[in-house]
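Student: predicted model and sequence follow; I will ask about them next.
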Amino acid sequence: MTTDHALAIRNRFRRTRTSPALRGLVRETTLRPEDLIWPIFVRDGDNMEEPIPSMPGVSRLSIDRAVDAARTARSLGISAMCLFPYTDPDLRTETCDEAWNPDNLINRAIRAIKQAVPEVAIMTDVALDPYNANGHDGIVRDGVIVNDETVAALVRMAVAQARAGADIIGPSDMMDGRIGAIRDALESERHTDVSILSYSAKYASAFYGPFRDAVGASGKLVGDKKTYQMDPANSDEALRLVGRDLDEGADMVMVKPGLAYLDICRRVRDTFGVPTFAYQVSGEYAMIEAAAGNGWIDGDQVMMETLQAFKRAGCTGILTYFAPRAAALLAGSAPKAT
């Protein structure tokens, strides 16, 4: 037996893979239900659950059903939910006034959920696309998405959500300077405990299509979002944006989309050491579900593998439409892949 062969036998890495118990003992990355934020879509109505065709298994929920979803989240150990509105088309205008209406759909949903299930943290989306006749995240003037006027609108929107009881404000618009403006407004209103989870590195991605269907923005969008969302070719810019948002008062930061940008997640976490989240977006979800639905992959195993990838890349947590399914698997209430 050669020396090299003898050393190879002494160092058999397969020894720690021989059983689920041993694999669990040496596992480097841990995924928990508490690491998941569950995004849901809310619509007007009573006792309604409206399936979204481009997102199999995901529905728009009336507020009473959203409250039921929050109870499910609590029972599964999911720490937080993120709310997105399907706004009545008649309320979508160029000035986006419905975005800061204290009695708009999202603010009513926040109050209902916090009253019924206060243990679940509620995160909101701060962007104008669900309220905008033009489908953009900002106000449009002569074909241009204007920055500073949009920031003023976003501040009003964020304050209205904080007054309704939101725990986490999630600016996803990518306008310059909005984090500092929102933080100043929250502080001046004494919402000092409301956190900001900034979508600091949000890319102009093709993975968002099903989400735009879900909030009713697909048919509204005029042009694209490349003047304010990031170029997918850029990496260093993401670090500059994260650094700026942290300086302006963000408590946590987001990389969006997720799977195609795991390198950005890792760079952000290694550079700043702050709570770093990723959004497993609608297109990523839909691709997995479509492949699983056709029998080409094992949907549950691929779901869990992708969620573990986010954690391995350094993410503190993940926004994912898979949250309740993954949490059930982790809790052992459904068959768990070994």
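Tutor: Looks like it arrived, so ask away. What you see is a predicted model, and the numbers here were worked out from it, not measured in a lab.

Student: how many residues are close by Pro118?
Tutor: The local packing of Pro118 (other C-beta atoms under 10 Å) involves 13 other residues. For the C-beta atoms, the positions are set from N, CA and C on the backbone; glycine is no exception.

Student: ok now do it, which residues does it touch?
Tutor: For Pro118, no contacting residues are found, by C-beta atoms under 8 Å, 6 or more residues apart in numbering.

Student: tell me the secondary structure for it?
Tutor: Per DSSP: H, G, I helix; E, B strand; the rest coil, the local secondary structure of Pro118 is coil.

Student: give me the distance between it and Asp193.
Tutor: Going from Pro118 to Asp193 by C-beta to C-beta, to the nearest Å gives 14 Å.

Student: could you list the low-pLDDT ranges of the chain?
Tutor: Across the chain, the ranges flagged by pLDDT under 70 are 1-8, 333-338.

Student: cutoff 80 now
Tutor: Scanning the chain with the threshold set as pLDDT under 80 gives 1-9, 217-222, 333-338.

Student: can you map out the helices along it?
Tutor: 3-10, 20-26, 63-76, 105-116, 147-164, 178-188, 209-214, 236-248, 262-272, 282-293, 299-312, 323-331 (DSSP state H).

Student: which one, of those, ends up nearest to Cys96?
Tutor: Across those, Cys96 has its closest neighbour in helix 147-164 (5.9 Å, C-beta to C-beta).

Student: restricting to C-alpha, output that closest one in PDB.
Tutor: This file holds the C-alpha atoms of helix 147-164, laid out as PDB (Å, rounded to 0.1, in the frame of the first residue of the first chain):
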ATOM      1  CA  ASN A 147     -36.500  60.800  -7.800                       C
ATOM      2  CA  ASP A 148     -37.100  63.500  -5.200                       C
ATOM      3  CA  GLU A 149     -40.800  63.800  -5.700                       C
ATOM      4  CA  THR A 150     -41.000  60.000  -5.400                       C
ATOM      5  CA  VAL A 151     -39.000  60.100  -2.100                       C
ATOM      6  CA  ALA A 152     -41.500  62.500  -0.600                       C
ATOM      7  CA  ALA A 153     -44.300  60.200  -1.600                       C
ATOM      8  CA  LEU A 154     -42.500  57.200  -0.100                       C
ATOM      9  CA  VAL A 155     -42.000  59.000   3.200                       C
ATOM     10  CA  ARG A 156     -45.700  59.600   3.500                       C
ATOM     11  CA  MET A 157     -46.400  55.900   2.600                       C
ATOM     12  CA  ALA A 158     -43.900  54.600   5.200                       C
ATOM     13  CA  VAL A 159     -45.200  56.800   7.900                       C
ATOM     14  CA  ALA A 160     -48.800  55.700   7.200                       C
ATOM     15  CA  GLN A 161     -47.700  52.000   7.500                       C
ATOM     16  CA  ALA A 162     -45.800  52.700  10.700                       C
ATOM     17  CA  ARG A 163     -48.900  54.300  12.200                       C
ATOM     18  CA  ALA A 164     -50.900  51.200  11.200                       C
END
